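Trainee: build me a structure from this.
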Amino acid sequence: MTIDDCIGVVGAGSWGTTLAKVLGDNGKRTLLWARREAVCREINETRQNSQYLPGFSLGDSVEATSDLERICKSASLIIAVVPSHTMRETARELGNDLTGEHVVVHATKGIEQGSFKRMSEVLREETCLRKIGVISGPNLAKELAARQPAGTLVASRYDEVFERAHAALHNDYFRVYQGRDVIGAEIGGAFKNIIALAAGVAAGLGLGDNTKALLLTRGLSEMARFGVAMGADVMTFGGMAGMGDLIATCSSPLSRNHQVGARLARGEKLDDIQRDMRMVAEGVKMAKAANDFASRKRLDLPIVRAVHNLLYDHHDVQLLLKELMSIPAGPEFAALTI
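Mentor: As a prediction, the model looks like this:
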């Protein structure tokens, strides 16, 4: 196998495995990297990843490996799908074998703690990469793995990045749209996880669609305010990476962040919930990062603040709800005109 003959997917969690499945459905030779040999062995022997995507078979063109160097030497298009807190370490490992000709598209929906760096910034700092993009949109892994119709955004400054990703992923059940606002795509994908936590709390309390609609629309407003402060184009948040992802993640019990919120509302402790979950709920870390950034920049983000206080200061759920509802209601679109 020579470079360009296959596509690399770095990260064999539910989302990485799903993207590998899409590539396999499209007949693309795919190398799927997993850190643990046991996961690689199961995928190669049974075509299944029972820990992270049970019930779905991967095509024969998908091969699992724990060798990052092999992926870099075999594929010029790599999709990075690791949790935000491991992206820097993984990028550093990849950086030993990447060249400026590699195209890397990441699908990680989070921001680095402390530094507030987006994943594309982390990739640039740790590698020689120039051609970087981001996949972001309303993409629940199990639904996409079941070939239910869906769409996503690939954002990059480079046309080649979109063209390569589109050629690899687009098919009759997965539409891939082009964007250039990398910042907005990354912020939308990360920020919606906070609102999904809040939506999960509302669902866990037995609240209905009026409450969900209130959270989604005001959450979109906070997303736009936060994103513009980070340098994003406000229009991005009306598309796949903003409103689209927000609707899917806040409405579905398949969302890990929604699950965390619902379980918190039922009285479970955050540490117990996280210990019980195999996969990362990015909203937990994102709530702290966004709240710290908002404090530093003096941004008014009431839902972010409430979720942060619930997660890290152990505030009472009912009290937080009362506090949110007591905030004075001003002009609806004031937050979008920063």
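Trainee: C-alpha from now on. contacts and neighbour counts both.
Mentor: Noted.
Trainee: list the helices and strands the helix or strand where Arg225 lies packs on?
Mentor: Take DSSP states H and E as the rule and Arg225 turns out to sit in helix 209-230. Helix 209-230 sits against helix 182-204, helix 245-251, with contacts defined as 3 or more Cα pairs under 8 Å, 6 or more residues apart in numbering; DSSP states H and E.
Trainee: out of these, which comes closest to Lys269?
Mentor: Closest approach to Lys269 among the helices and strands packed on helix 209-230 (Cα to Cα): helix 182-204, 13.0 Å.
Trainee: buried residues, the closest one. List them.
Mentor: Residues 182-204 are the ones in helix 182-204 that count as buried (16 or more other Cα atoms under 10 Å).
Trainee: try stretch 200-220
Mentor: The neighbour-count check on stretch 200-220 (16+ other Cα under 10 Å) flags Gly200, Val201, Ala202, Ala203, Gly204, Leu205, Lys212, Leu215, Leu216, Arg218, Gly219, Leu220 as buried.
Trainee: do stretch 48-61 as well
Mentor: Residues of stretch 48-61 classed as buried: Gln48, Asn49, Tyr52, Leu53, Phe56, Ser57, Leu58, Gly59, Ser61 (neighbour count, 16+ other Cα under 10 Å).
Trainee: which of those residues has the weakest pLDDT?
Mentor: Within those, the minimum per-residue pLDDT falls on Gly59 (90).
Trainee: how about that one: what's its closest non-neighbour residue?
Mentor: Leaving aside its chain neighbours, Gly59 sits nearest to Gly24 (5.1 Å; criterion: Cα to Cα, 6 or more residues apart in numbering).
Trainee: quick check: closest non-adjacent residue to Ala224.
Mentor: The shortest distance from Ala224 to any non-neighbouring residue, by Cα to Cα, 6+ apart, is to Val234 (5.9 Å).
Trainee: ugh, wrong one, I meant His308
Mentor: Excluding its sequence neighbours, the residue lying closest to His308 (Cα to Cα, 6+ apart) is Ala287, at 5.4 Å.
Trainee: what about the strands in the stretch 51-200 of the chain?
Mentor: Counting by DSSP state E, counting those that start in this stretch, the stretch 51-200 of the chain has strands at residues 62-65, 75-80, 103-106, 131-136, 150-155, 174-179.
Trainee: how about low-confidence regions in the stretch 51-200 of the chain?
Mentor: Applying pLDDT under 70 to the stretch 51-200 of the chain flags no residue at all.
Trainee: give me the residue at the spatial middle of this structure.
Mentor: Compute the mean C-alpha point of the chain, and by Cα atoms, centre = their mean the closest residue is Lys109, 2.5 Å away.
Trainee: phi, psi of that one?
Mentor: The phi/psi pair for Lys109 (degrees, to the nearest 10) reads phi -110, psi 80.
Trainee: so it touches Ala185, yeah?
Mentor: No - between Lys109 and Ala185 there is no contact under Cα atoms under 8 Å: 9.3 Å.
Trainee: rewinding a little: the residue nearest to Ala224 is in contact with Gly227, isn't it?
Mentor: Yes - Val234 is within contact range of Gly227, at 7.2 Å (criterion: Cα under 8 Å).
Trainee: give me the common contacts of those two.
Mentor: Shared contacts of Val234 and Gly227, defined by Cα atoms under 8 Å, 6 or more residues apart in numbering, comprise Gly184.
Trainee: on that earlier part again, need the helices and strands packed on helix 209-230 in CSV (columns: distance to Val304).
Mentor: Shown next, in CSV, are those (distance: least, Cα to Cα, whole Å):
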stretch, distance to Val304
helix 182-204, 7
helix 245-251, 14
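Trainee: quick one on the thing from earlier: state the distance from the residue nearest to Gly59 to Ala262.
Mentor: Noted for Gly24: a distance of 34 Å to Ala262, by Cα to Cα, to the nearest Å.
Trainee: among the two, which residue is more densely surrounded?
Mentor: Ala262 (24 against 20; other Cα atoms under 10 Å).
Trainee: for the more buried one, what are its contacts?
Mentor: So Ala262 contacts Leu197, Ala199, Gly200, Val201, Ala202, Ala203, Gly204, Leu205 (Cα under 8 Å, 6+ apart).
Trainee: need the buried residues of stretch 200-220 in a markdown table (columns: distance to Glu323).
Mentor: A markdown table is the format used below for those (distance: Cα to Cα, whole Å):
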| residue | distance to Glu323 |
| --- | --- |
| Gly200 | 18 |
| Val201 | 15 |
| Ala202 | 14 |
| Ala203 | 18 |
| Gly204 | 18 |
| Leu205 | 16 |
| Lys212 | 17 |
| Leu215 | 14 |
| Leu216 | 17 |
| Arg218 | 15 |
| Gly219 | 16 |
| Leu220 | 19 |
